[in-house]
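1. What follows is a predicted protein model with its sequence.
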Amino acid sequence: GNLTLAGGAVSVTEGSGTNLLGTGSASSLTLVSGGDITQSGTLSVTGLATFNAPTTNDIVLGNTSNAFASLSVAQGRHATLADADGFAIGGGGINAVGTVTLNTTGPVNQTAAIVAGNLALIGVGGNYSLANTSVSNNVSGNVAANTGQVDFRNTTSTLTVGTANGVTGITTSGPLRLESSGTAMTIDAILATTSGTGAVTLVNGGLLSLNANIAANAAVAQTGTGTVTITGPRSIVTSGDQVSFASAVTLAGTTTSIDTTGSSATAGNNIVFAGTVTGSSAGAQNFSLNAGTGGDISFAGAVGSTRLGNLSIANANDVLFNSTVGVTTVVQSAGTGNTTINGALTATGGNVNLTNTRIQLNSSVTATGQLVRLSATASGVSQTSGGIQADNLELLGSGSFNISSATNNIANSFAANISGDLQFRD
């Protein structure tokens, strides 16, 4: 039936559906309905508002002029809850078997959990802080958003970014943080931030499957303890901000690219891998990186335990390979700092072509039957350990070139076009 609220504490139980009329107000509200709960006016509840509908019926309170202090849904199928300036999720939390849609331009926090099939967060400038570690959010389906800020933590089911109530992926104008506490995280739709405060942070307790692109106007950081699989073709682009991975990364698509020079931010920023990076099928995964003129690229762990295909670096300041590298080819096209090889680099069936201001070889470089080209634009090449095994070796650039390891083995030709000193042993 129809119901108009006229102030005070209100508790109503109806056997059929309920439509809330006019401009209703209450100090608190408990509404138990036998059918859908809808509204044809606006609601103002200064205390806790709790709604309860059968799990075959919907709760649709979508008027963005509503003013709720605290909201709870005991049960229902789909629940749409809108508010003018933010609210708290309190009481017994929000429980729906279908999709929960929250719509506000203000802040949303929680002292109780969201348990739902899907979750959509919308509203220009909305600030959704839904990562309270004392509650257990459980969205078993998709999470999607188009709003201001999102901080969301899922605890039981896989945290999946997809489509919910017509919203696909997550787009925010501010920071975006997703946490899967002890569970997997699956990104099936784009993550995008549209302002310089829009950092993307992914805290995965289990496997992170990156099945969609990331376009951020601030830093992108994977900080969880779970491993990462990137399918493809896949791209991660920032507007001059760092991209970092704390865990081991497996490339499972044909092409993966990371570029920190988006929006003409030519200086770029760092690209950091604290763990290993490997392919899933030998030689089938190509990897392209661009850190700009000012960003460093660092690999702390082994690269290509399962061999990568073409590893290409468009530009970087310093480049560090701190462990072994297995690729088909590796090309660094430009650099403004040092490229350092601390682990054995093996190119199987392809060339090694490195360009930077200075190149430091602290381990072996192998390109059997192929070409190794080292172009040091200002400060030469130094070889402290290991040897170069290749069919052909070319040295280009300026500075002091010291390629004098006793284990160098150039099977065919050696050529040098340099300005500076040269020491070479074969």
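-> Nice, thanks for sending it over. The shown structure was predicted, so the numbers you read here are calculated from the model rather than taken from an experiment.

2. Now do stretch 344-361: distance from first to last residue.
-> Counting by C-alpha to C-alpha, to the nearest Å, you get 9 Å between the two ends of stretch 344-361.

3. what's the answer for stretch 374-384, then?
-> OK, stretch 374-384 end separation, C-alpha to C-alpha: 15 Å.

4. Run the chain-centre distance for that stretch.
-> Stretch 374-384 sits 35 Å away from the centroid of its parent chain (C-alpha atoms, centre = their mean, to the nearest Å).

5. contacts for that stretch?
-> Outside stretch 374-384, the residues that touch it by C-beta atoms under 8 Å, 6 or more residues apart in numbering are 335, 338, 353-362, 393-405, 418, 420-421. C-betas here are computed from N, CA, C, even on glycine.

6. list the buried ones in that stretch?
-> Buried residues in stretch 374-384, defined by neighbour count with 16 or more other C-beta atoms under 10 Å: 374, 375, 376, 377, 379, 380, 381, 382, 383.

7. Name the strands paired with the helix or strand harbouring the first one and say parallel or antiparallel.
-> I take that to be residue 374. Taking DSSP states H and E as the criterion, residue 374 maps to strand 365-376. Strand 365-376 pairs in its sheet with strand 345-347 (parallel), strand 352-356 (parallel), strand 388-398 (parallel), by DSSP bridges.

8. out of the ones you listed, which comes closest to residue 115?
-> strand 345-347 (50.6 Å; C-beta to C-beta).

9. where does the stretch 101-250 of the chain have low pLDDT?
-> Residue ranges of the stretch 101-250 of the chain with pLDDT under 70: none are present.

10. Now do the residue lying closest to residue 140 once chain neighbours are set aside against residue 31, distance only.
-> Distance criterion C-beta to C-beta, 6 or more residues apart in numbering; nearest residue to residue 140, sequence neighbours excluded, is residue 157 at 4.3 Å. Residue 157 sits 29 Å away from residue 31, going by C-beta to C-beta, to the nearest Å.

11. Ok, residue 106 next?
-> 23 Å.

12. Between the two, point out the one with more neighbours.
-> Between residue 106 and residue 31, counted using other C-beta atoms under 10 Å, the more crowded position is residue 31 (22 against 14).

13. could you give me the average pLDDT of the strand holding residue 374?
-> For strand 365-376, mean pLDDT is 98.

14. And for stretch 62-74?
-> Mean predicted confidence for stretch 62-74 is 97.

15. can you list the residues that contact that stretch?
-> 32, 39, 41-52, 59, 79-85, 87-96, 100-101, 103-105, 112, 123.

16. Quick one: classify the closest residue to residue 253 other than its chain neighbours as helix, strand or coil.
-> Here the nearest residue to residue 253 in space, its sequence neighbours aside, is residue 232; by C-beta to C-beta, 6+ apart that works out to 1.9 Å. Classification of residue 232 by DSSP: H, G, I helix; E, B strand; the rest coil places it in coil.

17. From what I see, residue 232 and residue 256 are in contact.
-> Yes - applying C-beta atoms under 8 Å, one finds residue 232 in contact with residue 256, separated by 5.2 Å.

18. Tell me who's in contact with residue 355.
-> 332, 333, 334, 335, 375, 376, 377.

19. returning to that earlier point: tell me how many other residues surround the residue nearest to residue 253.
-> The number of residues near residue 232, taken as other C-beta under 10 Å, comes to 18.

20. Also the one 4 residues further on?
-> The criterion is other C-beta under 10 Å. On that basis, residue 236 has 22 neighbouring residues.

21. Could you name the helices and strands sitting against whichever strand or helix holds it?
-> Following DSSP H and E, one finds residue 236 within strand 234-238. Applying 3 or more C-beta pairs under 8 Å, 6 or more residues apart in numbering; DSSP states H and E, we find strand 234-238 packed against strand 214-216, strand 255-259.

22. Pull up the pairing partners for that strand, direction included.
-> strand 214-216 (parallel), strand 255-259 (parallel).

23. PyMOL command to pick out the buried ones of the contacts of stretch 62-74?
-> What follows is the PyMOL syntax selecting those of those that are buried according to 16+ other C-beta under 10 Å:
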select buried, resi 32+39+42+43+44+45+48+49+50+51+52+59+79+80+81+82+83+84+87+88+89+90+91+92+93+94+95+96+100+101+103+104+105+112+123
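
24. show me where the chain has helices.
-> Assigned by DSSP state H, the chain shows no helices.

25. show me the contacts for residue 171.
-> For residue 171, the contact set (C-beta under 8 Å, 6+ apart) comprises 145, 146, 147, 190, 192, 193, 194.

26. Please list all residues in contact with the second one.
-> What it means is residue 146. 121, 122, 167, 170, 171, 172.

27. where's the second one relative to residue 130, distance?
-> So the one you mean is residue 122. Going from residue 122 to residue 130 by C-beta to C-beta gives 14 Å.

28. With the last one instead?
-> From residue 172 across to residue 130, the span is 13 Å (C-beta to C-beta).

29. can you pull the pLDDT of the nearest residue to residue 294 once chain neighbours are set aside?
-> Excluding the flanking residues, the one nearest residue 294 by C-beta to C-beta, 6+ apart is residue 267, at 3.9 Å. Residue 267 is assigned a predicted lDDT (pLDDT) of 98.

30. Can you give me the neighbour number for residue 267?
-> Under the neighbour criterion other C-beta under 10 Å, residue 267 is assigned a count of 15.

31. quick one: it from residue 295, how far?
-> From residue 267 across to residue 295, the span is 7 Å (C-beta to C-beta).

32. residues in contact with residue 232?
-> Taking C-beta under 8 Å, 6+ apart, one finds 251, 252, 253, 254, 255, 256, 285 in contact with residue 232.

33. Swap in 10 Å and give it another go.
-> Residue 232 makes contact with 210-211, 213, 251-257, 285-287, according to C-beta atoms under 10 Å, 6 or more residues apart in numbering.
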